[in-house]
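Colleague: let me see the structure of the following:
(one chain, ligands or ions: 2)
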Amino acid sequence: MSIIEFRKTSKAFGEVTVLDKVDLNIDSGEVVVLIGPSGSGKSTLLRCINGLEQITGGDLVVDGISVKSGNANLRQIRQEAGMVFQQFNLFPQMTALQNVAFGPRKVRGLGRAEAEAQALDLLDKVGLKERAGHVPSELSGGQQQRVAIARALAVRPKVMLFDEPTSALDPELKQEVLNVMRQLALEGMTMVVVTHEMGFAKQVGTRLIFMEHGKISVDGEPRQMIDNPPSDRLKDFLQHV
Ligand code: ADP
Ligand code: MG
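Modeller: Ligands and ions are numbered 1, 2, ... in the order given. Below you'll find the predicted structure:
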């Protein structure tokens, strides 16, 4: 049973086609790693899933809800799919706890005490309970990104979308974020992850997708694709990541 269904989905910005009739089904529990050259449409594909971008052709169905049908469902779609960005995007004036409690208070209308109790559990899950009272500027990049993951989880999404979550981090901080992502995957979370971390793709990914020019050019088992690239362009790409 697919939780995300791209059906000849296109996205154009003006004259420029960025997603070109993409067909893709993602099942519950899959960990899809998305790779491809800069500008190939990876971020746009993620952003269409949670309604940050509107598709311009075909259809896209997320947990039974078409994103095409307009703004009425947008709030619901955003709740289905949590997003984690390269640049963390935390609220700078709020503590870690307030960042994580914000969504449930706003979106799910939880009271402060309940939202904060849940937020503390989530911060504990990402190893940051002790940092709950700190604002983002007092946290390392890796800690900020873990808060961002906890914040995305707080609205209980069915799918988690990660757009180069470790690209802004120093090597020694990447691992703590990847560990949290690995744990989520083990718990069965459905994930779509844009990343250059091929170790993560091999260990955790159930599927690797190589995008080029707004199309899926290769789709397969990560270990096989990385160790034995079925196309020269993928091989070339992998030699440069
Ligand atoms: P990737 O994440 O693979 O690097 P993107 O999805 O960010 O690729 O971008 C794909 C293409 O779409 C690029 O050519 C980019 O310039 C273009 N694009 C992305 N967002 C916009 C936008 N808001 N307006 C116009 N063009 C955009
Ligand atoms: Mg991108």
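
Colleague: can you pull out the low-pLDDT segments for the chain?
Modeller: 70-72 (pLDDT under 70).

Colleague: let's see it at 50
Modeller: By pLDDT under 50, the chain has no low-scoring segment.

Colleague: contacting residues around the spatially most central residue of the chain?
Modeller: Nearest residue to the geometric centre of the chain (Cα atoms, centre = their mean): Leu161, 1.5 Å. Counting by Cβ atoms under 8 Å, 6 or more residues apart in numbering, Leu161 touches 46, 49-50, 81-84, 191-193. Yep, even glycine has a C-beta here, placed from its N, CA and C like the rest.

Colleague: now swap in Ala154 and tell me
Modeller: 100-104, 118-119, 122.

Colleague: re the thing from before, check the gap between the residue nearest to the centre of the chain and Leu97 for me.
Modeller: For Leu161, the distance to Leu97 (Cβ to Cβ, to the nearest Å) stands at 23 Å.

Colleague: what of Ile3?
Modeller: 30 Å.

Colleague: those two - which one has more neighbours?
Modeller: Leu97 (22 against 19; other Cβ atoms under 10 Å).

Colleague: what is the helix or strand harbouring that one packed up against?
Modeller: Leu97 belongs to helix 96-107 when assigned by DSSP states H and E. Applying 3 or more Cβ pairs under 8 Å, 6 or more residues apart in numbering; DSSP states H and E, we find helix 96-107 packed against helix 74-80, helix 112-125, helix 141-153.

Colleague: of those helices, which is nearest ligand 2?
Modeller: Closest approach to ligand 2 among those is made by helix 141-153 (16.1 Å; Cβ to the ion).

Colleague: which parts of the chain sit against ligand 2?
Modeller: By the rule Cβ under 5 Å from the ion, the part of the chain lying against ligand 2 is 42-43.

Colleague: what segments of the chain are helices?
Modeller: In the chain, helices defined by DSSP state H lie at 42-49, 74-80, 96-107, 112-125, 141-153, 171-186, 198-204, 222-227, 232-240, listed in chain order.

Colleague: which of those is buried the deepest?
Modeller: helix 141-153 (a mean of 25; mean count of other Cβ atoms under 10 Å).
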